[in-house]
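Peer 1: what's the 3D shape of this:
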Amino acid sequence: MMALALYVGCFGWPCFQCEIRISFMIAEHNYGAQSAQVKMRLVLPAASIRITHLGPDFVLVESPPDHPPCEASVLLRVDDSETQWSVRLPNGISKGSKRVALAACGSAAPSARA
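Peer 2: You can find the predicted model right below:
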């Protein structure tokens, strides 16, 4: 078995104020490597959108709808561990652009569940 730790800070980048540690074990086998199952979602008040890329102050989403500025959350799931943190969408979402700007949302701390 090999232990692997993923450190994620504010908006997916290392940060001294807001750091999440996600740990999981990977079994080593002679016949190949094990990949982690990673899923990311942008959770809006009335919808959830798949995130394809997570940047320091933006996400790229799949099939963006038009949506006004609001508070939302980013959900990160790695295998059986799940973390969710609050963000603001200062410019909302435009159906014509997969890039969605993110801003910090107050002092909401990320929550982790295993």
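Peer 1: got the residue ranges for the strands in this protein?
Peer 2: In the chain, the segments counted as strands under DSSP state E are 2-8, 20-26, 38-43, 48-54, 58-61, 70-78, 81-89, 99-101, 103-104, 111-113.
Peer 1: As CSV, the ones you listed with mean pLDDT and mean neighbour count would be great.
Peer 2: C-beta here means a position set from N, CA and C on the backbone, and glycine is covered the same way. Converted to CSV, the strands of the chain look like this (pLDDT from 0 to 100; neighbours: other C-beta atoms under 10 Å):
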stretch, mean pLDDT, mean neighbour count
strand 2-8, 47, 13
strand 20-26, 51, 15
strand 38-43, 96, 17
strand 48-54, 96, 15
strand 58-61, 97, 20
strand 70-78, 96, 18
strand 81-89, 95, 18
strand 99-101, 98, 18
strand 103-104, 94, 14
strand 111-113, 68, 12
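Peer 1: Hmm, A36 and D79 touching each other?
Peer 2: Yes. Applying C-beta atoms under 8 Å, one finds D79 in contact with A36, separated by 5.4 Å.
Peer 1: neighbour count winner among these two?
Peer 2: A count of neighbours by other C-beta atoms under 10 Å puts D79 above the other of D79 and A36, at 17 against 13.
Peer 1: thinking I51 is in contact with L44, fair?
Peer 2: No. Using C-beta under 8 Å, I51 is not in contact with L44, being 11.9 Å away.
Peer 1: now could you export just the CA positions of stretch 60-70 as CSV?
Peer 2: Only the C-alpha atoms of stretch 60-70 are listed here, as CSV (Å, rounded to 0.1, in the frame of the first residue of the first chain):
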residue,chain,number,x,y,z
LEU,A,60,-14.0,25.8,-16.5
VAL,A,61,-17.4,24.2,-16.6
GLU,A,62,-19.2,21.8,-18.9
SER,A,63,-22.4,23.1,-20.6
PRO,A,64,-22.7,26.4,-18.8
PRO,A,65,-26.2,28.0,-18.4
ASP,A,66,-26.8,31.7,-18.1
HIS,A,67,-26.9,32.5,-14.4
PRO,A,68,-26.7,35.8,-12.5
PRO,A,69,-24.0,36.5,-9.9
CYS,A,70,-24.6,34.5,-6.7
